[in-house]
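Participant: after the sequence you'll find the predicted model.
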Amino acid sequence: MESVWTQAVSTASKVGVDLAAAVDVESPMTWALVALVGLYVIRKVVQQSFNMIDTICNRTYIYNICWEDPAVDHQILKIQKNDVIFRICSAGDIVLDYAIEGPSKIVICDMNQHQLWLFELKIRMLRDPKLSYDEWWAIWGSSDVAVAMKVWKRMRHTMSGGGRMWWDGRIERVFRKGFATSGSTGFAAQYVIPWLMYVVGFNIKEWAETGFAHAYVSENYHVIQRSAWWFRQMFPSILAPFAGVPPNQIGPEFYTVEFYEGILREIFMDPDFGAHNYFYRFYYEKGYKDQSCCPRTLKKECFEALVANAGCFEWHHATVQETMERVKPNSFTKLVLLDHMDWMPNAMVHEEWVALQRASVPGAQCLWRSAFTHMDDKPFFNNLDITDLSPKWYSKDRVKMYPGTFMANMPKDPFPFVDEALSPCQRASFARKVKTTTKMILHPLTAGKISAHGDKMSAFYAAQAKGYDAVRENMLVGRPEMMSGFGPIKNGHTWLDVGGGTGRNVHYLRAQLDLFERIIVLDICPELLQIGKENATRSFTPEQCEKIRWVCLDINSKNVREELAKHLSNDINRGFDTISFSYSLSMIPKWEEALFSAKSLMSDDGRVIISDFDSYTENGDSIKDFLIRSWYAQDGVRIEAKTRKFIKEQVFPDDKFTVSKARFQRKLAKVSIPHYVACCRKGTITSPQGVRRPSYNDLKKAN
């Protein structure tokens, strides 16, 4: 047996040696195969990591330079001497560029402590009274380790304790190896990108010798196409963590070759790449060769202003929201938020902007970038009058990293503060929940034949009324998302909640009820309205309850405008600033008429917001769509994909209204249920003073 085993091992070894000898190590195909195997292994390692970005951030900084173009920022923001600016730190070089303009103050924050220590190193050096321009250039332009160590020893004592300890063990190595190779982006630029360029056949050295000529790339366009294919394979699963891109930011675009080809084409086909694009040359040349192609912060003519304004900074190791909650109210005139909201859920974005509004002056300029070209997936953004700057500025941005560039002025009227907790009177015992759920499930079997819609609703909800809010809270999950897009609430705001029943939506805004002139909860089920009125009496002050009207009426009634005007000081033309359909549109038989009726009731700057059940697929034609449609139809709920199309194309066309829709799925009893939120609003403009006004010259054209 042993001899057989020995013979088998010997044979296998011989075969292995023969295969190795047969491999052509000079062939690019061999190395491509080895690379693919290596990529597969690396991908598995990255996927097994619980969070690669956290792992990187716990060890070092991600960015050694910022990936936004400060020249574009300056054109948009037009920084003045009295500006107080907020920006996420990143590598810190762009806020240094801002400082050259001499603003009153710049506040920065970052969740990665190492990014702040990198920024602090730059600031402490600039505050060193002995620092010369030649030293500044030698350190950050040429990565001269001797000069870096000389200046470090001179100003080391001015660093914070944590920063001093961290740089003590690294500063010599970082500048000896080259600052351009530091951080996770530097690591990728040093090891991964050169390999990729070899695989696709892009001779960067040869291109550099031509002065990064446009003609060279045009003649070798195939390398861009090959690179795009490889980036499609590598970026979402391997490179993204090293570039600081979390999984939440990787949308469908990242899985298409066209996405990467478009970005690479914009970067490398730029005729001025060689003369002005210092961002990518920084990694290839491992620094900056001279002042002809470098950031303003390294130019001699800007050094004096940079040193003079180095004292304007304040920095925080914190999230954006935490930083806003630390500073004085009404501090900022300009805010630059980068792309961090891409990976945040809507609720987190909403909370952050509530804090941003508190910390900013009305009308403050808010600039942010995105990997996406629209913001529809987050209903909160419907509170802002957003200007899409991408068509104008993307082609001029030398980094080309973010297809979306957006700006909005901070409105003066407060954003909705959505409190998702149930009021005490809306909660129910376990027994009550079981009883209500049982009646809801058995209703299709126990209900008799009723023809009138109002009678059907009463028959369905009467037995569920007392436990309705508690049971439905986990089912109607789109309501908080819808309320997030409610719109800034002005003094004297008016709100019509169609199918509002128990008034659950009113409780979301319990903290801001005093701002309203009138809230009308409209429903055709008197049992639910009675519960809503009782809950309001228990939860709100008498003055707040007086602002709320509980009206039993069909939205499609011929005299609906006259009836509602009775609750608006008999002003038949006043209209409502917000009209909401919270899982009610799908239960209205003549839902198309209901939408047009709501449209006719909008104020000059009004909006209609809708949350409801959705189809799984865009066209609602899958087996899963058939099953969910059949199940919900038992309770009189209509789920049709055409609803979304009808809203956008027939009722609220793009040429007259701003329309957005967000689609998502949430689990209920381990089953994913599709929902959508739509916001349809008349055009408004937020002035530099934060005042919102209709954007139509003739308001009748908005109807």
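Facilitator: Arrived safely.

Participant: show me where pLDDT drops low in the stretch 451-600 of the chain?
Facilitator: 451-471 (pLDDT under 70).

Participant: the stretch 1-150 of the chain too?
Facilitator: For the stretch 1-150 of the chain (pLDDT under 70), the answer is 1-53.

Participant: tell me where it has helices.
Facilitator: 2-22, 28-48, 52-57, 70-77, 93-99, 113-126, 133-140, 145-155 (DSSP state H, counting those that start in this stretch).

Participant: the stretch 351-500 of the chain too?
Facilitator: Under DSSP H, counting those that start in this stretch, the stretch 351-500 of the chain gives helices at 390-393, 430-446, 453-461, 468-472, 478-484.

Participant: for the first one, what is the distance to the chain centroid?
Facilitator: Same thing as helix 390-393. 19 Å (C-alpha atoms, centre = their mean, to the nearest Å).

Participant: and it, what's buried?
Facilitator: Ser390, Trp393 (16 or more other C-beta atoms under 10 Å). In short, each C-beta sits where N, CA and C put it, glycine included.

Participant: quick check: buried residues in stretch 635-654?
Facilitator: Result for stretch 635-654 [16+ other C-beta under 10 Å]: buried residues Gly636, Arg638, Ile639, Glu640, Ala641, Thr643, Arg644, Ile647, Lys648, Val651, Phe652.

Participant: could you check how far it is from the centre of its chain?
Facilitator: Taking mean C-alpha positions (C-alpha atoms, centre = their mean), stretch 635-654 and its chain are 26 Å apart.

Participant: where does confidence bottom out across the buried residues of stretch 635-654?
Facilitator: Ranked by pLDDT, the buried residues of stretch 635-654 bottom out at Gly636, which scores 86.

Participant: now that residue: which helix or strand?
Facilitator: Here Gly636 sits in a region with no helix or strand, counting by DSSP states H and E.

Participant: could you find the closest non-adjacent residue to Phe417?
Facilitator: Closest residue to Phe417 apart from its sequence neighbours, by C-beta to C-beta, 6 or more residues apart in numbering: Ala511 at 4.9 Å.

Participant: repeat for Phe303
Facilitator: Using C-beta to C-beta, 6+ apart and skipping the chain neighbours, the partner closest in space to Phe303 is Tyr133 (4.5 Å).

Participant: tell me where the stretch 301-450 of the chain is predicted with low confidence.
Facilitator: 425-450.

Participant: which stretches of it form strands?
Facilitator: Applying DSSP state E, counting those that start in this stretch to the stretch 301-450 of the chain gives strands spanning 313-317, 332-336, 360-370, 387-388, 404-409.

Participant: which of those sits most buried?
Facilitator: strand 332-336 (a mean of 24; mean count of other C-beta atoms under 10 Å).

Participant: for that one, which strands pair with it and how are they oriented?
Facilitator: strand 84-88 (parallel), strand 360-370 (parallel) (DSSP bridges).

Participant: nearest to Gly251, out of these?
Facilitator: strand 360-370 (9.8 Å; C-beta to C-beta).

Participant: report how many residues lie close to Cys545.
Facilitator: Counted with other C-beta atoms under 10 Å, the neighbours of Cys545 add up to 14.

Participant: in which helix or strand would I find it?
Facilitator: With secondary structure defined by DSSP H and E, Cys545 is part of helix 542-546.

Participant: please verify my assumption that the residue nearest to Phe303 contacts Lys299.
Facilitator: No: using C-beta atoms under 8 Å, Tyr133 is not in contact with Lys299; the gap is 9.4 Å.

Participant: please name whichever of the strands paired with strand 332-336 is nearest to Glu563.
Facilitator: Nearest to Glu563, of all the strands paired with strand 332-336, is strand 360-370, at 36.8 Å by C-beta to C-beta.

Participant: what's in contact with that closest one?
Facilitator: 68, 73, 76-77, 330-339, 341-342, 356, 384, 401-412, 686-691 (C-beta atoms under 8 Å, 6 or more residues apart in numbering).

Participant: distance from that strand to the middle of the chain?
Facilitator: The answer for strand 360-370 is 14 Å, by C-alpha atoms, centre = their mean.

Participant: that one to helix 70-77, inter-axis angle?
Facilitator: Angle, strand 360-370 to helix 70-77, by axes from the mean of the first three to the mean of the last three C-alpha atoms, to 10 degrees: 140 degrees.

Participant: using CSV, list the CA coordinates for strand 360-370.
Facilitator: Below are the C-alpha coordinates for strand 360-370, written out as CSV (Å, rounded to 0.1, in the frame of the first residue of the first chain):
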residue,chain,number,x,y,z
SER,A,360,-26.9,77.2,8.6
VAL,A,361,-28.2,80.6,7.7
PRO,A,362,-31.4,80.7,5.5
GLY,A,363,-30.3,80.5,1.9
ALA,A,364,-27.0,78.9,2.6
GLN,A,365,-25.5,77.3,-0.5
CYS,A,366,-25.3,73.5,-0.2
LEU,A,367,-23.1,71.7,-2.8
TRP,A,368,-22.8,67.9,-3.1
ARG,A,369,-21.7,65.3,-5.5
SER,A,370,-23.0,61.9,-6.3
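
Participant: got the angle for that strand vs strand 404-409?
Facilitator: Here strand 360-370 runs at an angle of 170 degrees relative to strand 404-409 (the same axes, to 10 degrees).

Participant: output stretch 543-563 as CSV - backbone C-alpha positions only.
Facilitator: The C-alpha trace of stretch 543-563 is given here as CSV (Å, rounded to 0.1, in the frame of the first residue of the first chain):
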residue,chain,number,x,y,z
GLU,A,543,-55.1,74.6,20.5
GLN,A,544,-53.6,72.0,18.3
CYS,A,545,-56.8,69.9,18.1
GLU,A,546,-58.6,73.0,17.0
LYS,A,547,-56.4,73.1,13.9
ILE,A,548,-57.4,69.6,12.9
ARG,A,549,-60.7,68.8,11.2
TRP,A,550,-62.1,65.2,10.8
VAL,A,551,-64.2,65.2,7.6
CYS,A,552,-66.2,62.2,6.4
LEU,A,553,-66.2,62.8,2.7
ASP,A,554,-65.2,61.2,-0.6
ILE,A,555,-62.3,63.0,-2.4
ASN,A,556,-64.3,62.5,-5.6
SER,A,557,-67.4,64.2,-4.4
LYS,A,558,-68.6,66.9,-6.8
ASN,A,559,-68.8,69.5,-4.1
VAL,A,560,-65.5,68.5,-2.4
ARG,A,561,-63.9,72.0,-3.0
GLU,A,562,-66.9,73.8,-1.4
GLU,A,563,-67.0,71.4,1.5
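
Participant: what's the nearest residue to Arg232 once chain neighbours are set aside in contact with, if anything?
Facilitator: Nearest residue to Arg232, sequence neighbours excluded (C-beta to C-beta, 6+ apart): Val257, at 4.8 Å. Residues near Val257 by C-beta under 8 Å, 6+ apart: Ala228, Trp229, Arg232.

Participant: and Val257, how far is that from Ile193?
Facilitator: Distance of Val257 to Ile193, computed by C-beta to C-beta, to the nearest Å: 18 Å.

Participant: and Ala662, by the same measure?
Facilitator: Shown here: Ala662 relative to Ile193, a distance of 36 Å by C-beta to C-beta.
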